[in-house]
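Undergrad: sequence first, then the predicted structure, then my questions.
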Amino acid sequence: MLTSFAVLAASQASADLIVNGGFESGNQDFTTGYTYTTVANGLFTAGTQPEPSGQGEGKYAIGNNPQFYHSLFTSTGPHSGNNMMIVNGSTVAGKTVWNQNIPLVPGQTYTFSAWFMNVYPANPAQLQITIGGVNFSPPPFQIPNSGWQQFTRTFTASANGGAILDVNVLASGNDFAMDDLSLVAVPEPTTLIAGALLLLPFAASTLRVLRKNQKA
């Protein structure tokens, strides 16, 4: 039973720090340098200058099927839930795809995880991911053409916040989706022990009730 309570303490200490990481709340809780669209083929229609006229580069959508927003994109569902972020990569360098001001503790160890997939096979996106002041590239993470792929790293934070950039600036291809962004603190062993000790009185009380019921 002590083990069960230790696991419970660990889960309480490791709550997800990214808000709306699965995009289930729609287009909110993050900032971006891209242009938002909600219409059918919205990632195919004319983009905002200096993006090339007649293209959707530098635009994104929140939805459940990439093909709705671009007729040449694959028809697939989110990694989980009902939504994902669907991106037509920009031809302008330095544009942030996703950014969130995440309060982190310098020196604390965290694990970041996210799921990515290409929605068009040509020229896969190359992502520069920076979380907690730690840049996980070079090299950038190039999304494989094999369905949803998990990217995960455990690191020690030195600053707040997190950002994802696509450093591929080619117009052809460079289209991807992302879902289930997650960031959790890695609990120290002392945290597990302290959490378990705090829960011991509750465990003892529960055992007394169970024994009483068994005797009855």
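TA: Everything's here; your move.

Undergrad: I'd say G132 and L104 touch.
TA: Yes. Under the criterion of CB atoms under 8 Å, G132 makes contact with L104 at 4.8 Å. No exception for glycine: its C-beta is placed from N, CA and C like everyone else's.

Undergrad: shared neighbours, the two?
TA: Both G132 and L104 are contacted by 110, 157, 159-161, under the criterion CB atoms under 8 Å, 6 or more residues apart in numbering.

Undergrad: which PyMOL command selects the buried ones in those residues?
TA: Command for PyMOL, covering only those of these found buried under the criterion 16 or more other CB atoms under 10 Å:
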select buried, resi 110+157
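
Undergrad: please enumerate the strands of this structure.
TA: Secondary structure of the chain (DSSP state E): strands at 35-36, 59-63, 84-88, 96-100, 109-120, 126-131, 134-135, 141-142, 149-156, 162-166, 175-185.

Undergrad: quick one: closest of those strands to G22.
TA: strand 175-185 (5.1 Å; CB to CB).

Undergrad: now do that closest one: which elements does it pack against?
TA: Contact partners of strand 175-185 among helices and strands, from 3 or more CB pairs under 8 Å, 6 or more residues apart in numbering; DSSP states H and E: strand 84-88, strand 96-100, strand 109-120, strand 162-166.

Undergrad: could I get the ones you listed as TSV with distance to R153 and mean pLDDT?
TA: As requested, the helices and strands packed on strand 175-185 are exported to TSV (distance: least, CB to CB, whole Å; pLDDT from 0 to 100):
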stretch	distance to R153	mean pLDDT
strand 84-88	19	98
strand 96-100	16	98
strand 109-120	5	98
strand 162-166	11	97
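
Undergrad: most tightly surrounded among those?
TA: When the helices and strands packed on strand 175-185 are scored by mean count of other CB atoms under 10 Å, the highest mean neighbour count falls to strand 84-88 (a mean of 29).

Undergrad: may I have that strand as CSV, with CA atoms only?
TA: Presented in CSV, the C-alpha positions along strand 84-88 are these (Å, rounded to 0.1, in the frame of the first residue of the first chain):
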residue,chain,number,x,y,z
MET,A,84,-4.6,18.8,-33.5
MET,A,85,-2.6,21.8,-34.8
ILE,A,86,-2.2,21.5,-38.6
VAL,A,87,0.6,23.7,-40.1
ASN,A,88,1.7,24.8,-43.5
